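Undergrad: Let's see this in three dimensions:
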Amino acid sequence: MEEALKLFNNYYDTFDKTLDGVHRKYDHTMRVVILAKKIAKGLNLNDEDYELASLCALYHDIARFKQWSEYKTFEDALSFDHGNEGESILKELGINDDIILKSTRVHNKISVPTEFDERTKMFCDITRDADKLDNLCIKFPKLDGDEEIPEEAVKSLLNKEMVKNNKNYKNNKLFHLLREIGFIFDLNFKESFKIIRDDGCIERRLEVLNDSNIKDSDEIKRTVNEFIEERLSD
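TA: Predicted coordinates:
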C-alpha cells in the first residue's frame, strides 16, 4: 500500500492542488479508502485481499483530477467517462492488476457486468459501496423549499429502486437528495448498512425531507428505514 500511495500522490502532484475540485476529490478518495477498509474488515478478508480492496478504492477516481483540470466539471456527459478514463490512466502508470482496472472502470456504471467472476465482482462492489457511502455521509445542504417535486424519483424510492440521473433536474436539490437516498438500494454488504446506521447519515437526509412538500415523505421514510433494518437482519 505504501508504494501505491507514493505512485498515487506523485500523479496527484502533477495537478494544481489550489483548484477546489482537485483537492476535494483527493479528500474524497482518502475517505473512500477508509470506508473500503471497514467493509473489507467486516467481510473478514485476508491480508492480501484487504489490501486489494484498499487499492481499488485508492484508484477508483484517479481520472477526476484530469477531469476537473481540463473541463472544470465532474459531469461525465460534459467531459469523459471517468471510470473508463481512470482505467486508461492506470495502465499508463503501469498498473496491470485486472481487478483494480475493472473496479476502476465500472465503479461509476449502473451495475457490475454479469460476466465478471464472483471474486472480481466482490471487489467492484466494495469500491462501489464505499464510494456511495462517502457521498451519503457528507452533509447535505438545506432545501430551498420551492423545488419542483421529481415524481419519478419519488416513485423509484417507494419501489425500492435507485433513482436514475436526470439532467432536467440538474439544479434541483430535492432531486439530488432523493437520488442519494436511493443509493441504499444498490449497496451490497451488511457492513455497509452498519456504517449507515452508525453514522446516522440516512436519518439526517430523511430529516431534510421535512423541508420539502412531498406528500409521500413519510412513506419514503418508512420504506427506507424498513429496507435498512431488513438488510441489517440478513
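
Undergrad: How about the contacts made by Asp81?
TA: Listed by Cβ atoms under 8 Å, 6 or more residues apart in numbering, the contact set of Asp81 reads Asn108. Backbone N, C-alpha and C define where each C-beta goes, glycine included.

Undergrad: next one: phi and psi at it?
TA: Dihedral pair for Asp81: phi -70, psi 110, per degrees, to the nearest 10.

Undergrad: begin at 45 from here
TA: Happy to do that; since the first residue is 45 now, the last one works out to Asp125.

Undergrad: what's the distance between it and Asp91?
TA: In this view, Asp125 and Asp91 are 33 Å apart by Cβ to Cβ, to the nearest Å.

Undergrad: buried set for the host helix or strand of Thr164?
TA: Here Thr164 sits within helix 162-181, counting by DSSP states H and E. For helix 162-181, a neighbour-count test (16 or more other Cβ atoms under 10 Å) marks 164-178, 180-181 as buried.

Undergrad: average pLDDT across stretch 223-237?
TA: Stretch 223-237 comes out with an average pLDDT of 96.

Undergrad: what about dumping the CA coordinates of that stretch to PDB?
TA: The C-alpha coordinates for stretch 223-237 follow below in PDB (Å, rounded to 0.1, in the frame of the first residue of the first chain):
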ATOM      1  CA  ARG A 223     -31.100  10.300  -5.600                       C
ATOM      2  CA  GLU A 224     -28.600  10.000  -2.900                       C
ATOM      3  CA  ILE A 225     -31.100   8.400  -0.500                       C
ATOM      4  CA  GLY A 226     -31.700   5.800  -3.300                       C
ATOM      5  CA  PHE A 227     -28.100   4.800  -3.100                       C
ATOM      6  CA  ILE A 228     -29.000   2.400  -0.300                       C
ATOM      7  CA  PHE A 229     -30.900   0.200  -2.800                       C
ATOM      8  CA  ASP A 230     -27.600  -0.500  -4.600                       C
ATOM      9  CA  LEU A 231     -25.500  -1.300  -1.500                       C
ATOM     10  CA  ASN A 232     -24.200  -4.900  -1.400                       C
ATOM     11  CA  PHE A 233     -22.900  -5.600   2.100                       C
ATOM     12  CA  LYS A 234     -24.300  -5.800   5.600                       C
ATOM     13  CA  GLU A 235     -21.200  -3.900   6.800                       C
ATOM     14  CA  SER A 236     -22.300  -1.000   4.500                       C
ATOM     15  CA  PHE A 237     -25.600  -0.800   6.300                       C
END
